[in-house]
Structure formats: C-alpha cells, structure tokens
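Trainee: Fold the following and give me the result.
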Amino acid sequence: MTAGRWFTKLEDGRIRCDLCPRECTMSPGQRGFCFVRQATDDGIDLTTYGRSSGFCIDPIEKKPLNHFLPGTPVLSFGTAGCNLGCRFCQNWDISKAKEDDRLQSRATPEAIAEAARQTGCRSVAFTYNDPVIFAEYAIDTAEACHAVGLKTVAVTAGYIRPPAREEFFGAMDAANIDLKAFTEGFYERQCFAKLPDVLETIAYAVNETDCWVELTTLLIPGENDSDGEIDAMTQWIARELGPDVPLHFSAFHPDFKMVDKGRTPLDTLLTARRIAKANGLHHVYCGNVHHPESDTTFCSHCGEALIERDWYVLRRWNLSHGACPRCHTKLPGLFEDRPGDWGAKRRVLPM
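Mentor: Below is the predicted model:
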C-alpha cells in the first residue's frame, strides 16, 4: 500500500478523504465509496498503487482523442474501483471490482514508462477505470513518462476536488472527460454524483491548464438525449470553454444495470451533432458507430477535410504543419508533420 496525498484528520479520530467531492469520512480500516482508498491511523492508503487490471496498446483515437497525436499507439492501463456509481457503466467489470477480484499485473511507474518507450508508444493512458481514484499512481507514472519523452493521457469523469485537481491535471498532457449528461437529476439518479462539480473540473482543465481536453457524452435513449438537453449542454460548452474543444457523442449499448434501454440510433447522434455545430462548436464527432463523415476532422474556417477516419484508421492526412493547406487555419490540438500508422490494432502487453 502507498500513502494517499489528500486527506484531513478529524478531531474524533476519523479520516476525511479530500480527493473527490464525496469527501468520504472513515474510521481506520474502513474504505471509501471507491473501495480502494482506505483510512489508517495516520491518513489514507491507496491499496491499488502499482497494481493493474491489465496493459494494452490501443490507438489514441479509442480514448477517444482525435486531436492529439493522431494515428499513434498509446499504452493503456487501469486499476480497479470507481468514485461514481453509473448504472450504465460499460467497463463495470473493472470499475465495480474489488481490487483482489481484478488486479494481477504489478508495475512501478518507471517500468510502465520503459515498457511504453520500448514498444514505440507515444503516450500512456490512465483509463478503463477512473484514474482520479488512483491519482497518486497516475501522477507518479506521468512523471516517469515525461522523463523518457512520453506524453500522458487521462480518461476520466472529472469528479475531483482542488488541490488534487491541480496536481492531477498538471501531470497530464491530454484528457478525455466524460460529460455524462447536462441535468443534475441524471447525475444524482444514474451516477450518484453532482453535475456542478464536473462542470467546474472541465472549465478548470480547459481554461486554466495546458492539458489538451476533449469531451465525451454517451447518449442514452430517453435519459440524456433530448434536443433541449443537447442544446443547453453545447451552448454551455461554446460559452464557457470555447468552440474548439472537440466533443464526441457516443452510442450507448445495454450493459451493467441498464439493460432495459436499446442501442442509440445513428439519427440521435447525428441530430446531437447538428445541434452542437449550430451552437458554434467546430469539431463534433460520433462514436461507437460507423459513419465516416462524423469521424472526419474539417477545417473550421473553410470546411476542407483535414483528417479522414474510418473508425480508428486514418484514411487521409491533409494537414500542413498542423494547419489547413487551403486557408492555413491552425487546427487546435497536438499534431506532427506525419501521422502515426498504428491503425485499429489492439495488443495485450504482458508486464
């Protein structure tokens, strides 16, 4: 076990975890909502430090990140547990697991960075379950990655408090943050969390850090997919974050405790995309469906197709020094002169 960094000792001997807005208050030996942060006599232990539920090399587009080193491979791993309780979780076997149920691989931050470097990855992603709950491990690994020239990526729901938030996003080069809905009722009923805390994190990460941020919303039929909700959400994004933050609308499939809903129709995703673009967002994508047009990155000024994708495969690269070759408008994100060629491959990496 490794000591946690964010906690308060209370006068009655209990420990309050200050990592996320839950602020779990525990007696020594008890664990918080996430199940992996445990109170001790002196503070908090992170029981999953150095332990993983598996390592895979993925395409960066799978995170999803479309404006961050396109086409390159990323070493992805997670641990166990989560600080949200989403009934529709699509990684529930990891996020809802106790650490002894899932964790097998053991790796130091330095070993992870070296494995990523040796296999030609350009970055390491903290994903599968939310890295907020293993923030100490993620931050230490990020430092090891930066030491050997690698980037770091967080795939997170953004349920984190300052000052942990500052240190966490300060260690990340890119993040995909889940904006699960735009009503407080959805967050409280379906995720056992609060929307304002997530919005605060998103605004902080976009406006006050150097971390590149893309957003994802999983559209669930009848739950968070109404035109009115999409309109309100995308107006907020345009107003508070600006038009250049990429937004991914992703298709739902029945899973975990939400099997009474059908899959998201393509028309729902395309309608959401039209609303978002009408509200001024420049880069809006549809995920978990096969629709090449909504996979394509277009110039926000002249409409030129800049990066054409088919799922995770890049079909055409039409960038010149990170800009549109026709009108020279800079494309927001991190791009190199040549894209990667990893494609849609997924490789399990023993550690």
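Trainee: The strand or helix carrying residue 16 pairs with which strands, parallel or anti?
Mentor: Per DSSP states H and E, residue 16 falls inside strand 15-17. As defined by DSSP bridges, the strand partners of strand 15-17 come to strand 7-9 (antiparallel), strand 25-26 (antiparallel).
Trainee: and that strand, average pLDDT?
Mentor: Throughout strand 15-17, pLDDT has a mean value of 97.
Trainee: Spell out the secondary structure type for the residue nearest the centre of the chain.
Mentor: Per Cα atoms, centre = their mean, the C-alpha nearest to the average position across the chain is that of residue 155, at 2.0 Å. When classified by DSSP: H, G, I helix; E, B strand; the rest coil, residue 155 comes out as strand.
Trainee: For it, which non-adjacent residue is closest in space?
Mentor: Nearest residue to residue 155, sequence neighbours excluded (Cβ to Cβ, 6 or more residues apart in numbering): residue 127, at 3.9 Å. Every residue, glycine included, has its C-beta placed from N, CA and C.
Trainee: And the pLDDT at the one you found?
Mentor: At residue 127, the pLDDT value in this model is 94.
Trainee: Now do the domain split for this structure, please.
Mentor: 2-46, 51-348 (automatic domain parsing).
Trainee: what distance separates the longest one from the centre of its chain?
Mentor: Centroid separation for domain 51-348 versus its chain: 4 Å, with Cα atoms, centre = their mean, to the nearest Å.
Trainee: what's the answer for the shortest one, then?
Mentor: Here domain 2-46 is found 24 Å from its chain centre; the criterion is Cα atoms, centre = their mean.
Trainee: Endpoint to endpoint, it covers what distance?
Mentor: Domain 2-46 has an end-to-end distance of 5 Å (Cα to Cα, to the nearest Å).
Trainee: Let's have the strands paired with strand 15-17 in JSON lines, adding mean neighbour count and mean pLDDT.
Mentor: Compiled in JSON lines, the strands paired with strand 15-17 are given as follows (neighbours: other Cβ atoms under 10 Å; pLDDT from 0 to 100):
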{"stretch": "strand 7-9", "mean neighbour count": "16", "mean pLDDT": "96"}
{"stretch": "strand 25-26", "mean neighbour count": "17", "mean pLDDT": "98"}
